[in-house]
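Chemist: no sequence on this one, just coordinates:
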């Protein structure tokens, strides 16, 4: 007897939180459809859906696909670390103009400029404490965006062919905070992404034509060298063990570690200020 090919029925919108059985059922369906169909399904079914993007190629493909699927695509969220390349900021403006899109921009808490951030946390924090840096410039602003905007789910640009922790990526995941992460291009390799970008004239970062393969903050991104392996070659230069920026790791563990370090820094600063004050009094 032939198997049914009927499209499975899911609640519109999905009722959250999802059980593991529901997640498995959704993934069983989404694994066999195209990225466009994943995005269309998500737009119809997933409540509180946004797209977080640093305007990498895969995220740009998703933006372009959504522009063809619906006149009301999920809102865009851009976490501005303050340390992006000028070409990345130019690309943000190009995308806004090309697709007539607004972008929710979130920066490190209490900071509008690099000067603000370095006055508050010191210079080259990424060298002194990279974990704390990732939390302050990426993770905390993203979580603040989710809370303020009512985000229940995000579209990501992650793909399994990027390797490392992404090798076993599924179309839909739920992290330990309950946030749904939809990975519409999870099964695409880089040549597919490049093909789509070229054939649809999707805006792209000018740095990609200058030898960069994967683009993040200017201070930790270098051009990929001859023989470099991996689609993310050039990110986090000199740190082969690092594969994620913090947005896709254990949030609660990272938050606890960062907050502990911030309290220690505040206590050290207070102690130093008290010692300085006593020294001034002694001199007087």
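Modeler: Looks like it came in fine. Fair warning: this is a prediction, and the values are worked out from it, not measured in the lab. Residues are numbered from 1 along each chain as shown.
Chemist: Show me where this structure has its helices.
Modeler: For the chain, helices defined by DSSP state H occupy the ranges 20-30, 35-45, 57-69, 86-99, 114-121, 125-128, 130-134, 140-149, 190-199, 251-283.
Chemist: Now these in CSV, please, with extra columns for distance to residue 11.
Modeler: Bear in mind the C-beta positions are built from the backbone N, C-alpha and C, glycine included. Below are the helices of the chain laid out as CSV (distance: least, C-beta to C-beta, whole Å):
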stretch, distance to residue 11
helix 20-30, 9
helix 35-45, 7
helix 57-69, 20
helix 86-99, 29
helix 114-121, 43
helix 125-128, 43
helix 130-134, 35
helix 140-149, 22
helix 190-199, 31
helix 251-283, 26
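Chemist: between those helices, which one is nearest to residue 156?
Modeler: Comparing the helices of the chain by their distance to residue 156 (C-beta to C-beta), the top pick is helix 57-69, with 7.7 Å.
Chemist: Where does the prediction get shaky in the stretch 1-150 of the chain?
Modeler: The model of the stretch 1-150 of the chain has pLDDT under 70 over residues 1-6.
Chemist: same thing but at 90, please
Modeler: Residue ranges of the stretch 1-150 of the chain with pLDDT under 90: 1-9.
Chemist: quick one on the thing from earlier: for residue 220, find the nearest of the helices of the chain.
Modeler: Of all the helices of the chain, helix 125-128 sits nearest to residue 220, with 6.2 Å by C-beta to C-beta.
Chemist: Pull the residues that contact the closest one.
Modeler: Residues from elsewhere that reach helix 125-128 (C-beta atoms under 8 Å, 6 or more residues apart in numbering): 83, 118, 122, 132-133, 136, 217, 219-220.
Chemist: Now distance to residue 158 and mean neighbour count too, for the helices of the chain, in TSV please.
Modeler: Below are the helices of the chain laid out as TSV (distance: least, C-beta to C-beta, whole Å; neighbours: other C-beta atoms under 10 Å):
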stretch	distance to residue 158	mean neighbour count
helix 20-30	14	15
helix 35-45	12	19
helix 57-69	7	21
helix 86-99	18	16
helix 114-121	27	14
helix 125-128	22	14
helix 130-134	17	20
helix 140-149	14	17
helix 190-199	12	14
helix 251-283	16	11
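Chemist: Thank you kindly, that will do.
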